[in-house]
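>>> Predicted structure and sequence below. I'll ask about it afterward.
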Amino acid sequence: MKTTEKFRRMLLLIAVAAGLAVPAVAGAAAGAFAIAAGRQEKGAITVQGKFYCNIKALTPAERARHKQLTEKLISVRKEVVETEKGYEFQYGPADVTLAELAEWVVAEGKCCPFFDFHIDLEHAGALLCLRLTGEDGIKAFIRSEFPGVRK
């Protein structure tokens, strides 16, 4: 990876971590997990109640990269923790980088605007957490769309 690309990704990571990338981060997660779980992309919009995933919000290249990241995040996930307002997905920093989580959040935010995203680096850098929250009903939606998430 070129130094300029590393620098650009680091700036993106800093912006996400600082909460400055609000429009991009304000949004999405079930769409990518559903795609990775094998749901077809023919319908541009998947609707379940007030939650919708606009799969066509990503270009084909973005969708391919997002699917790749989604599959990785599903396969290396250490634990899923139910929280008061959603779910937290936990990862080891040896398995996924903070930059990869930030990249996934930015892309996911384009297709599913109903999610709120929270990325945390905890335990002196030994634990990466991606927390998904949102309006009432979001927990049921996450359980129905995300592989391996149970009540």
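Received, thanks.
>>> any weak-confidence spans in this structure?
Counting by pLDDT under 70, the chain has low-confidence residues at 1-48.
>>> Strands of this structure, start to end?
Ranges of strands in the chain, per DSSP state E, are 45-48, 51-54, 79-82, 86-91, 115-122, 127-134.
>>> and the ones you listed as a markdown table, adding distance to Gly148?
C-beta here means a position set from N, CA and C on the backbone, and glycine is covered the same way. Converted to a markdown table, those look like this (distance: least, CB to CB, whole Å):
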| stretch | distance to Gly148 |
| --- | --- |
| strand 45-48 | 18 |
| strand 51-54 | 18 |
| strand 79-82 | 7 |
| strand 86-91 | 10 |
| strand 115-122 | 18 |
| strand 127-134 | 14 |
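>>> can I get the ones you listed in JSON lines with mean neighbour count?
Shown next, in JSON lines, are these (neighbours: other CB atoms under 10 Å):
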{"stretch": "strand 45-48", "mean neighbour count": "14"}
{"stretch": "strand 51-54", "mean neighbour count": "22"}
{"stretch": "strand 79-82", "mean neighbour count": "12"}
{"stretch": "strand 86-91", "mean neighbour count": "20"}
{"stretch": "strand 115-122", "mean neighbour count": "18"}
{"stretch": "strand 127-134", "mean neighbour count": "20"}
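>>> So which of those is nearest Arg143?
Comparison of these against Arg143 by CB to CB identifies strand 86-91 as nearest, at 8.2 Å.
>>> and the closest one with strand 127-134, angle?
Interaxial angle, strand 86-91 versus strand 127-134 (axes from the mean of the first three to the mean of the last three CA atoms, to 10 degrees): 160 degrees.
>>> Could you list the paired strands of strand 86-91 along with their orientation?
If you go by DSSP bridges, strand 86-91 pairs up with strand 79-82 (antiparallel), strand 127-134 (antiparallel).
>>> Those into CSV, with extra columns for distance to Ala102?
Listed next are these as CSV, based on distance: least, CB to CB, whole Å:
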stretch, distance to Ala102
strand 79-82, 20
strand 127-134, 10
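>>> what's the distance between Gly109 and Asn54?
11 Å (CB to CB, to the nearest Å).
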